[in-house]
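# what's the 3D shape of this:
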Amino acid sequence: MRGRDPFVALVLEVVGGFFGFLGFGWIYAGRPALGILLLICYWLLDWVIGLTLSIVTVGMWCFVWPAQNLILSAISGYLAYRWLEQQA
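Predicted coordinates for the structure are as follows:
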């Protein structure tokens, strides 16, 4: 899309995703439905999986949780970056 910087979408997705708000980069990229869907689904999956694994591992999963957020947000950010580059 014109006027939208792919790097900004990448940064929004990585920073937002690290704090549990995956999808902001896609909303910025002009795909609001996908961004909101990612946001809601990520909240549901993140909390269900995270809480379940925290209980099963007696809290040890909490040390891995930030890495999970960073990895998933980096992948989503890269995809948003590539999508915006292809639209230019």
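
# please make it C-alpha for all contacts and neighbour counts, starting now.
Noted.

# so which helix or strand takes in the closest residue to L22 other than its chain neighbours?
Nearest residue to L22, sequence neighbours excluded (C-alpha to C-alpha, 6 or more residues apart in numbering): L39, at 5.1 Å. In the assignment (DSSP states H and E), L39 maps to helix 32-56.

# out of the helices and strands in this protein, which is least certain?
None of the helices or strands of the chain scores lower by mean pLDDT, DSSP states H and E than helix 32-56, at a mean of 91.

# and that one, what does it pack onto?
helix 24-28 (3 or more C-alpha pairs under 8 Å, 6 or more residues apart in numbering; DSSP states H and E).

# quick check: the residue of the chain most remote from its centre vs G16, distance?
Ranking residues of the chain by C-alpha distance from their mean position (C-alpha atoms, centre = their mean) puts V58 at the top, at 25.9 Å. Distance from V58 to G16, counting by C-alpha to C-alpha, to the nearest Å: 27 Å.

# so what pLDDT did R31 get?
Looking at R31, its pLDDT is 95.

# and the residue most central in space within the chain, how close does it get to L51?
Centroid-nearest residue in the chain, with C-alpha atoms, centre = their mean: L22, separated by 2.9 Å. According to C-alpha to C-alpha, L22 and L51 sit 18 Å apart.

# could you do A67 as well?
For A67, the distance to L51 (C-alpha to C-alpha) stands at 15 Å.

# more neighbours: the two, which one.
L51 (15 against 12; other C-alpha atoms under 10 Å).

# how far does stretch 54-70 sit from the chain's center?
How far stretch 54-70 lies from its chain's middle: 17 Å, per C-alpha atoms, centre = their mean, to the nearest Å.
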